[in-house]
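In: Using only what follows, build the 3D model:
(chains A and B)
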Amino acid sequence: MKEEIQRESEVAVIGGGIIGVATAYYLTKQGKEVVLIEKNEVGSEASGANVTFCTLSSGGDRLLHYFTAKSIAEYMKIDDSMELGHDIEFNRLGLLILIETERSLELWKECLEERQEFSPEDRIVSGEELVELEPNLSPTVKWGLYSPLGGHINCLYLVTSMADKAKELGAKVYEYTKALDIKVEDGHVKSVVTEKGEIKAGYIVNAAGRWAPEIGQMVGLKLPITSERHQVLVTEMLDRKLINRHIISGAYREATLLPPEQRKALEETTFLCTNEDKGNLLLGISGDPATEDKRVTFISFRDICEQAIKYLPILKELRVNIIRSFANHYANTPDRHPILGPVERLDGFILACGMNDYGFQQGAIVGKVISEIICFGESLSIPAEIMKQTSLSRFFK
Amino acid sequence: MMICRCEEVTREEIVVAIRSGARSIPAIKRRTSGGMGLCQGRICQRLIAQILSEEAGIPMSEATVPMTVRPPVRPLPIDGIAGR
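Out: Presented below is the predicted three-dimensional model:
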């Protein structure tokens, strides 16, 4: 039976990842009429296949910290109120960046002040405090940057329950519905043409993740987004916690001082590990340019295992099993900042893309801000001077 | 009734996921974690498909479209591949 779709809506959102879903969710909370289309299923791409660091990112600058801190506050509200009607498994144990050399330590000290504006308790730890925080770390890790803000969320539960809640509030969510074209009339978006028919809309939001450039092309926009594959392994469920919080190796701060060709190799094998609520560990992360293939390569599988044993020797002692692997595609921008908001000379077209590797952690605030732009004509949650830095026009100056 | 033993997902939780809008085994997986454990759905996938077919009125031929099979095919010790 062919699904009949709604042919007209105030807003049409393209993309059923966390950005599109959160946009639809916050719009319906404001009483807007929303149709969301997704070419596959909700959360079937990067938003359902990531390590869900909802902490101040280790690679962030002030702008990124700003978005992340606001977003963590939103997630805390969502978690406390249980407003999605599903547990999102938000553990708030923070992040520990692993530091091994004096040089790396100096570089991380320089970042501390910028982080403390958003997470005042961020600090360098060593010795007994470090062992107390993470007793199973390799002794080669001599210091850590401990950031207690935020923690880990179950990304699958969050993206699906937020979509289900948006539907309950009146949003129409059409899966297996690919956007084929966007019609524009007199400098204003008119409709989005889908596999299941045309949907007229006053606003069209491009939240298509790594496919955002294809949607941009439909209205003649060139979006500077490239995709990168990131690969992750999952261990079996363990009866005890081998780590307590997110951990991530801090070596790539040092890498920024290296020539680009050496830097790349170090950045691509950044080790990270997180503990899921039910006791599995997620181990990552190895990146390479995106292909359509979403499997993990043998080389990455091996690299991640080696890194994991190096930082957490107990994994080898216990002969912990790997049961699963997955990969996703990040949508990177040249300056690592997202591309958000309206576009000059194209009324009604709203960008919510270029989220790099922090789409999930910033999903809530980006969805909220996009809904504010549509409902009130401006962002209320993030000040204008910050929003300005995320506009597409910054690339053409 | 326990359907996914590895992740301890009950029949009721699967039914709730279907009523919330899940229409495939992967969509049920995302909402419940069913099939994501040690056996990677070998035991429960057929049962989940039957519940999906029954609850959503989808023919078994469509309901049995499986989850993506992801390596390793069976659990592999972490030091079994490092250094190779």
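In: Just the buried positions in stretch A:116-131, please.
Out: Under the neighbour-count criterion of 16 or more other Cβ atoms under 10 Å in any protein chain shown, stretch A:116-131 has A:118-119, A:122, A:124-125, A:130 buried. Just so you know, the C-beta spots here come from the backbone N, C-alpha and C atoms, and that holds for glycine as well.
In: quick one: low-confidence parts of chain A?
Out: Across chain A, residues meeting the criterion (pLDDT under 70) sit at A:1-2, A:263-269, A:290.
In: Please list the residues of it that sit near chain B.
Out: Neighbours of chain B within chain A, by Cβ under 8 Å from any Cβ of the partner chain: A:41-44, A:48, A:86, A:156-157, A:159-161, A:163-164, A:167, A:173, A:175, A:235-237, A:278, A:294-296, A:301-302, A:305-306, A:308-309, A:315-316, A:319-326.
In: Can you flag which of the residues you listed belong to strands?
Out: Using DSSP state E, the members of these that fall within strands are A:173, A:235, A:321-326.
In: Now neighbour count too, for these, in CSV please.
Out: Shown next, in CSV, are those (neighbours: other Cβ atoms under 10 Å in any protein chain shown):
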residue, neighbour count
A:173, 22
A:235, 24
A:321, 19
A:322, 25
A:323, 22
A:324, 21
A:325, 21
A:326, 20
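In: Let me know the closest of those residues to residue A:189.
Out: Of all those, the one with the least separation from residue A:189 (Cβ to Cβ) is residue A:173, at 20.1 Å.
In: Return the backbone torsion pair for the nearest residue to that closest one once chain neighbours are set aside.
Out: Nearest non-adjacent residue to residue A:173, counting by Cβ to Cβ, 6 or more residues apart in numbering or on different chains: residue A:36, 4.8 Å away. Torsion angles at residue A:36 (phi, psi; degrees, to the nearest 10) stand at phi -120, psi 130.
In: mind listing what residue A:36 touches?
Out: Shown in contact with residue A:36 (Cβ atoms under 8 Å, 6 or more residues apart in numbering or on different chains): A:12-16, A:20-21, A:24, A:163, A:166, A:171-174.
In: Give me the buried entries from the residues you listed.
Out: By neighbour count, with 16+ other Cβ under 10 Å, the contacts of residue A:36 hold A:12-16, A:20-21, A:24, A:163, A:166, A:171-174 as buried.
In: Which member of the ones in strands among the residues of chain A next to chain B is positioned nearest residue A:381?
Out: Nearest to residue A:381 out of those is residue A:173 (Cβ to Cβ; 23.9 Å).
In: quick one: contacts for the closest one?
Out: Listed by Cβ under 8 Å, 6+ apart, the contact partners of residue A:173 are A:16, A:24, A:36, A:38, A:42, A:163, A:166-167, B:21.
In: Just the buried residues of the helix ranked longest in chain B, please?
Out: Ranked by number of residues, the top helix in chain B under DSSP state H is helix B:45-56. Neighbour-count burial for helix B:45-56, counted by 16+ other Cβ under 10 Å, picks out B:45, B:47-49, B:51-53, B:55.
In: and if you look at stretch B:73-84?
Out: By 16+ other Cβ under 10 Å, the buried positions in stretch B:73-84 come out as B:75-79, B:81-82.
In: Can you give the distance from that stretch to the centre of its chain?
Out: Mean-position distance between stretch B:73-84 and its chain equals 23 Å (Cα atoms, centre = their mean, to the nearest Å).
In: next one: stretch A:92-105
Out: In terms of Cα atoms, centre = their mean, the centre of stretch A:92-105 is found 21 Å from the chain centre.
In: how long is that stretch from one end to the other?
Out: Start and end residues of stretch A:92-105 are separated by 25 Å (Cα to Cα, to the nearest Å).
In: ditto for stretch A:257-272
Out: OK, stretch A:257-272 end separation, Cα to Cα: 21 Å.
In: swap in stretch A:118-130?
Out: From its first residue to its last, stretch A:118-130 covers 22 Å (Cα to Cα).
In: and residue A:189, what helix or strand is that in?
Out: Assessed by DSSP states H and E, residue A:189 sits inside strand A:188-194.
In: Only alpha carbons, please: show that strand as CSV.
Out: Extracted as CSV, the C-alpha positions of strand A:188-194 are listed here (Å, rounded to 0.1, in the frame of the first residue of the first chain):
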residue,chain,number,x,y,z
HIS,A,188,11.4,32.0,-1.9
VAL,A,189,11.3,28.2,-1.4
LYS,A,190,8.0,26.7,-2.5
SER,A,191,8.1,23.0,-2.1
VAL,A,192,10.2,19.9,-1.7
VAL,A,193,9.6,17.1,-4.3
THR,A,194,9.9,13.6,-2.7
